[in-house]
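Colleague: Predicted structure and sequence below. I'll ask about it afterward.
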Amino acid sequence: MATLLQIETATQVCSVALSKDGQTIMLKERMANNIHASNLTLFIQEVMTAAGLQYTDLDAIAVSKGPGSYTGLRIGVSTAKGLCFALDKPLLGIDTLQMMAEGFLIENPGYDGLICAMIDARRMEVFTAVYNAGLNPVIPVNAKIIDEHSFEEILKENKVTFIGDGAAKCKDVLQHAHAAFSESNYNSATHMSRLANQAFHAAEFEDVAYFEPFYLKDFVFTTPKKK
């Protein structure tokens, strides 16, 4: 039975979970701007204390690896790597968009359409991927600028549910009879439990020394406009 600490910081949600054998046993999360640096280690300690566990009880650390916010991913991965180094535990990197699709399927059992997970990447651009109900990719992870013609080919023949903060801003543009939208939060460390457990038992471990988040796009520095 694997006991895993799970960290999700790819969006505005700062989320930490503990799982045993693929089942979440503890969760602490909050959604707000710029809270990851100040809250992440606190949340980790809170779930460990609430579960009555020591850090040595953990079998591995799992982290949402992206795509997503450059700063959020950096904080989450750096924290996970630090714990792995200190505890001599393996690191698991979980695809953020797949984790979101997993969360939708958990909350919607029996769903047989496609799931399009979207993370806001500013303006009308999103980081996105499309999965079927078996969580297999139909459209791989990519950065996409959304307009009224986006996804029109798959929408002709399939029901597609769009999820994530990127989907919320695209709702008015993606008007189609086969398009549905879910406003629930799927960027939660609890949705990592089954995927992380599978990765652990398959020994799909990352190289702690060299592992980097999957940013998908280079970070662009901007200068605030002078008033």
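Modeller: Here it is on my side, so go on. Owing to the predicted nature of the structure, the values given are computational and were not obtained by experimental measurement. Residues are numbered from 1 along each chain as shown.
Colleague: Give the buried residues for stretch 124-137.
Modeller: 125-131 (16 or more other C-beta atoms under 10 Å). For the C-beta atoms, the positions are set from N, CA and C on the backbone; glycine is no exception.
Colleague: make that stretch 28-39, sorry
Modeller: Buried residues in stretch 28-39, defined by neighbour count with 16+ other C-beta under 10 Å: 28-29, 35-36, 39.
Colleague: what residues are up against the residue nearest the centre of the chain?
Modeller: When C-alpha atoms, centre = their mean is applied to the chain, the residue found nearest the centroid is Thr96 (3.0 Å). Taking C-beta atoms under 8 Å, 6 or more residues apart in numbering, we find Thr96 in contact with 8, 10, 64-68, 119, 187, 214.
Colleague: now, the most widely separated pair of those residues?
Modeller: Farthest pair in the contacts of Thr96 (C-beta to C-beta) is Asn187 and Phe214. Separation: 14.9 Å.
Colleague: isn't Phe200 right up against Asp59?
Modeller: Yes: between Phe200 and Asp59 there is a contact at 6.7 Å, judged by C-beta atoms under 8 Å.
Colleague: between these two, who's got more neighbours?
Modeller: Per other C-beta atoms under 10 Å, whichever of Phe200 and Asp59 has more neighbours is Phe200, with 21 against 15.
Colleague: so what does the helix or strand of the chain with the lowest mean pLDDT touch, helix or strand wise?
Modeller: None of the helices or strands of the chain scores lower by mean pLDDT, DSSP states H and E than helix 165-170, at a mean of 91. Secondary-structure packing of helix 165-170 (3 or more C-beta pairs under 8 Å, 6 or more residues apart in numbering; DSSP states H and E): strand 114-120, strand 125-131, strand 179-182.
Colleague: switch to 7 Å and redo it
Modeller: strand 114-120, strand 125-131 (3 or more C-beta pairs under 7 Å, 6 or more residues apart in numbering; DSSP states H and E).
Colleague: send the alpha carbons of that helix over as PDB?
Modeller: Provided in PDB are the C-alpha atoms of helix 165-170 (Å, rounded to 0.1, in the frame of the first residue of the first chain):
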ATOM      1  CA  ASP A 165     -10.400  28.100 -15.900                       C
ATOM      2  CA  GLY A 166      -9.500  28.300 -19.600                       C
ATOM      3  CA  ALA A 167     -12.900  26.800 -20.500                       C
ATOM      4  CA  ALA A 168     -14.700  29.500 -18.500                       C
ATOM      5  CA  LYS A 169     -13.400  32.300 -20.500                       C
ATOM      6  CA  CYS A 170     -14.100  30.500 -23.800                       C
END
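Colleague: Can you give me the buried ones in it?
Modeller: 165-167, 169-170.
Colleague: Could you list the domains of the protein?
Modeller: 3-95+187-201, 97-182 (automatic domain parsing).
Colleague: send the alpha carbons of the lengthiest helix in the chain over as PDB?
Modeller: Selection of the longest helix in the chain by residue count, based on DSSP state H, yields helix 70-87. The C-alpha trace of helix 70-87 is given here as PDB (Å, rounded to 0.1, in the frame of the first residue of the first chain):
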ATOM      1  CA  TYR A  70       5.100  29.300 -14.600                       C
ATOM      2  CA  THR A  71       5.400  30.600 -11.000                       C
ATOM      3  CA  GLY A  72       2.900  28.100  -9.600                       C
ATOM      4  CA  LEU A  73       4.600  25.200 -11.200                       C
ATOM      5  CA  ARG A  74       8.000  26.400 -10.200                       C
ATOM      6  CA  ILE A  75       7.000  26.600  -6.500                       C
ATOM      7  CA  GLY A  76       5.200  23.200  -6.500                       C
ATOM      8  CA  VAL A  77       8.000  21.300  -8.200                       C
ATOM      9  CA  SER A  78      10.700  23.000  -6.200                       C
ATOM     10  CA  THR A  79       8.900  22.000  -3.000                       C
ATOM     11  CA  ALA A  80       8.400  18.500  -4.100                       C
ATOM     12  CA  LYS A  81      12.000  18.000  -5.200                       C
ATOM     13  CA  GLY A  82      13.200  19.500  -1.900                       C
ATOM     14  CA  LEU A  83      11.100  16.900   0.100                       C
ATOM     15  CA  CYS A  84      12.400  14.100  -2.100                       C
ATOM     16  CA  PHE A  85      16.000  15.100  -1.500                       C
ATOM     17  CA  ALA A  86      15.500  15.500   2.200                       C
ATOM     18  CA  LEU A  87      13.600  12.300   2.700                       C
END
